[in-house]
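Novice: Got a sequence here, can you model it:
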Amino acid sequence: MRGTIKTAAAFTVVALLAAACGSNTSKAGGGSSNSPSTSATGLKACMVTDTGGIDDRSFNSSSWQGVQEAQAADPSQIAAYPTGIKYLQSTTQSNYVPNINAFVGDKCGMIVTVGYLMGPATETAAKAHPSQHFGIVDYNYTPVLKNVDGLLFDTVQDAFLGGYLAAGMTKTGKVATFGGEDFPTVTIYMDGFWDGVQYYNSQHHKSVKVLGWDEQTQKGAFTGDFTNQTKGETLTGTFLTEGADIIFPVAGNVGLGAAKAVQDADSQGDNANMEWVDTDGCVSAPQYCKYFITSVEKGIQTAVKNAILTSVKGTFAGGNYIGTLANGGVTLAPYHDFASKVPAALQSELATIKTGIENGTIKTPTKSPV
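Specialist: Numbering: from 1, shown residues only. Here you go, the predicted structure:
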């Protein structure tokens, strides 16, 4: 993805969230005086998921965690449902509109939709119901919609660090990345990873190769969905056969198939590892933690939590929030089992690069999403 992320709807796991959408982080766009729907027991928050499922170990599960954290932070105000919060799952894209409409009819104070593919459906509903608060993960609107809180993440920044780290850790001189589907919110990760490897090469006069993606041509490997783990296992097996020893899947649950292939390679005596995406893999997929050098994370749960709480507090503003390295919206996870394996010099270089990206002295070739 080069340039602004365009409107569109994606990875939507329908989940009901308790609260209204707003963010106490900086926004691009105007405010809204609209009041969210309420009940005698507080605000309702509703979440609509992508087809990857509520437990995708990625952006759906992170969004739901944000809803739960919002409820824990202000349970007296987020208790309109018997359990305080609720979600609806989308099994196909045809579920997006009816799921959103079901929450509008249920007078949810805040409706959070998850993923790039849900952009159009969320926009239509927001324009039809201007007093309804919405939030959407991994999407933005230009011009902004005053009743929609767009939550985006400049993942090219932390993926750049992930690529640099992979290039510094490879033993074969080859690393690989692949996506679930060819969406801007997927390829921005792959762009950053590719860019980070090239930067390492320029700094160390190396020639580490990236299999599965070329940032310059925007061509690469995709499994076609975010659920079929067998596809991830097969594709990763191909990369390992071609000599890659570090894999970076940007594919939700498909990445578990990649982890299985890495595990199988390790059991056969081949040195292979990987980096997880969106969440800390050692938390979301602990059975594979020993193979995760790090995870390229985005702070979805915090962004969703803050959006809901500002709606609860009556400070919902709408517009677009962008998570960056500087504001903590994107980051590399701890090294966990690799804490003693990542050389101190490489860790120092990564810290320097992170500071450079934050203050603008190091430019990522791929443009940010705004």
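
Novice: Quick test: name the residue nearest the centre of this structure.
Specialist: residue 278 (4.3 Å; Cα atoms, centre = their mean).

Novice: May I ask you to confirm that it is in contact with residue 300?
Specialist: Yes. Here residue 278 reaches residue 300: they are 7.2 Å apart, a contact under Cβ atoms under 8 Å. For the C-beta atoms, the positions are set from N, CA and C on the backbone; glycine is no exception.

Novice: Need the residues touching each of those two.
Specialist: Shared contacts of residue 278 and residue 300 (Cβ atoms under 8 Å, 6 or more residues apart in numbering): 59, 62.

Novice: Identify the residues contacting the residue nearest to the centre of the chain.
Specialist: Residue 278 is in contact with 57, 58, 59, 62, 252, 295, 296, 297, 298, 300, counting by Cβ under 8 Å, 6+ apart.

Novice: Can you add secondary structure and give these back as JSON lines?
Specialist: Listed next are the contacts of residue 278 as JSON lines, based on DSSP: H, G, I helix; E, B strand; the rest coil:
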{"residue": "57", "secondary structure": "coil"}
{"residue": "58", "secondary structure": "coil"}
{"residue": "59", "secondary structure": "helix"}
{"residue": "62", "secondary structure": "helix"}
{"residue": "252", "secondary structure": "coil"}
{"residue": "295", "secondary structure": "strand"}
{"residue": "296", "secondary structure": "strand"}
{"residue": "297", "secondary structure": "strand"}
{"residue": "298", "secondary structure": "strand"}
{"residue": "300", "secondary structure": "helix"}
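
Novice: which among the residues you listed gets closest to residue 211?
Specialist: residue 296 (17.4 Å; Cβ to Cβ).

Novice: related to what we said a few turns ago, what about the residue nearest to the centre of the chain, distance to residue 56?
Specialist: Taking Cβ to Cβ, to the nearest Å as the measure, residue 278 falls 9 Å from residue 56.

Novice: Check which residues of the helix or strand harbouring residue 178 are buried.
Specialist: Applying DSSP states H and E as the criterion places residue 178 in strand 174-179. Using 16 or more other Cβ atoms under 10 Å as the test for burial, strand 174-179 gives 174, 175, 176, 177, 178, 179.

Novice: Pull out the CA atoms of it and give them to me as PDB.
Specialist: Extracted in PDB, the C-alpha atoms of strand 174-179 (Å, rounded to 0.1, in the frame of the first residue of the first chain):
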ATOM      1  CA  LYS A 174      16.600 -15.200   2.800                       C
ATOM      2  CA  VAL A 175      13.400 -14.100   4.700                       C
ATOM      3  CA  ALA A 176       9.800 -14.300   3.500                       C
ATOM      4  CA  THR A 177       6.400 -12.600   4.000                       C
ATOM      5  CA  PHE A 178       3.000 -13.300   2.600                       C
ATOM      6  CA  GLY A 179      -0.600 -11.900   3.000                       C
END
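
Novice: re the thing from before, generate CSV for the buried residues of strand 174-179, with pLDDT and distance to residue 236 as supplementary columns.
Specialist: Shown next, in CSV, are those (pLDDT from 0 to 100; distance: Cβ to Cβ, whole Å):
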residue, pLDDT, distance to residue 236
174, 98, 13
175, 98, 12
176, 98, 8
177, 98, 11
178, 98, 8
179, 98, 13
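
Novice: what residues go with each domain of this protein?
Specialist: Taking automatic domain parsing as the criterion, the chain consists of the domains 13-154+300-323, 155-297+330-359.

Novice: For residue 365, which of those is the nearest?
Specialist: For those, the distance to residue 365 is smallest for domain 155-297+330-359, at 4.9 Å, taking Cβ to Cβ.

Novice: Show me the helices in the stretch 201-350 of the chain, by range?
Specialist: 229-241, 254-267, 281-284, 300-312, 344-359 (DSSP state H, counting those that start in this stretch).
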